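Novice: A structural model of the following input is requested.
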Amino acid sequence: MTIPPSNPIRVMLVDDHTMVRRGLATFLKVYDDLQLAGEAESGEAAVKLCDEVLPDVILMDMVMPIMDGATATRTIRQKFPQVQVIALTSFKEGELIKNALEAGAIGYLLKDVSADDLVRAIRSAHAGRATLSPEAAQSLVETANLPPPPGLDLTERERNVLTLMIEGLNNVQIAGRLTVSPSTIKSHVSNILSKLGVTSRTEAVTLALRNHIIS
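Specialist: This is a model prediction of the structure:
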């Protein structure tokens, strides 16, 4: 007969789907060194419950109404730095992973993770060691290698010119509005096209609108 450890790892579940929480609660019962500390159906409820039960590790869904998982994680980590949070979600977008890790999550796993990998991640989190699913790690690498969004290198004057281009003004009209010579505006327009990687004013305007370069 196996004797349960005197100090099992207390795990709190946060997910807006009852069936997911039920499945995870059942999973925890299989392991003697894991114990269900509580369940919350939203990020907001998780923050309140954490204050009451003070778990060791939280399995946190990322996409929830009202308060998402990243916001809840950040709040909990600020209030209770000893509590470790593992993001457990269906989504593997790089930005979502980045937000979770920046919020203080020590792990990021997808919901199709195996039971063995999940329990290993919980034990690692409790010991202060990070765990990333292979998909999450790959997504982070891909996100890191993405080129910067267009328009970041535009000067303030070039942004002013681009704004007037969006309004439909030609070089002479822009020059009049900014009280500079048309040749100066022509130079600015040329720089804008080059920095945006386009060959025409129409393409520049389309790209600027599509990427919200001008607020």
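Novice: what helix or strand does I174 sit in?
Specialist: Per DSSP states H and E: I174 is located in helix 171-178.
Novice: other SSEs contacting that helix?
Specialist: Packed against helix 171-178 by the contact rule (3 or more C-beta pairs under 8 Å, 6 or more residues apart in numbering; DSSP states H and E) you find helix 156-166, helix 182-196. (Glycine included, C-beta is placed from N, CA and C.)
Novice: nearest to A130, of those helices?
Specialist: With respect to A130, and counting by C-beta to C-beta, the nearest of the helices and strands packed on helix 171-178 is helix 182-196 at 38.1 Å.
Novice: pull out the buried positions in that closest one.
Specialist: I185, H188, V189, N191, I192, L193, K195, L196 (16 or more other C-beta atoms under 10 Å).
Novice: restricting to C-alpha, output the helix holding I174 in PDB.
Specialist: Extracted C-alpha coordinates of helix 171-178, given in PDB (Å, rounded to 0.1, in the frame of the first residue of the first chain):
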ATOM      1  CA  ASN A 171       2.700  66.600 -53.300                       C
ATOM      2  CA  VAL A 172       1.900  70.300 -54.000                       C
ATOM      3  CA  GLN A 173      -1.100  70.300 -51.600                       C
ATOM      4  CA  ILE A 174       1.000  68.500 -48.900                       C
ATOM      5  CA  ALA A 175       3.800  71.000 -49.400                       C
ATOM      6  CA  GLY A 176       1.300  73.900 -48.900                       C
ATOM      7  CA  ARG A 177      -0.200  72.200 -45.800                       C
ATOM      8  CA  LEU A 178       3.200  71.700 -44.200                       C
END
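Novice: need the contact partners of that helix.
Specialist: R157, N160, V161, L164, M165, L169, S181, P182, T184, I185, K186, V189 (C-beta atoms under 8 Å, 6 or more residues apart in numbering).
Novice: recalculate using a threshold of 10 Å.
Specialist: 157, 160-165, 167, 169, 180-189, 201 (C-beta atoms under 10 Å, 6 or more residues apart in numbering).
Novice: repeat that for stretch 141-155.
Specialist: So stretch 141-155 is contacted by 93-98, 158-162, 188, 191-192, 195-198, 204, 207-208, 210-214 (C-beta under 10 Å, 6+ apart).
Novice: where along the chain do the strands fall?
Specialist: If DSSP state E is used as the criterion, the strands of the chain fall at 9-14, 34-40, 57-60, 84-89, 107-110, 131-132.
Novice: CA atoms only: put the fifth one into CSV for me.
Specialist: Going back to what we said before, that points to strand 107-110. What follows is strand 107-110, C-alpha atoms only, in CSV (Å, rounded to 0.1, in the frame of the first residue of the first chain):
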residue,chain,number,x,y,z
GLY,A,107,4.7,26.8,-18.1
TYR,A,108,2.6,26.7,-21.3
LEU,A,109,0.9,23.5,-22.3
LEU,A,110,-1.9,22.6,-24.8
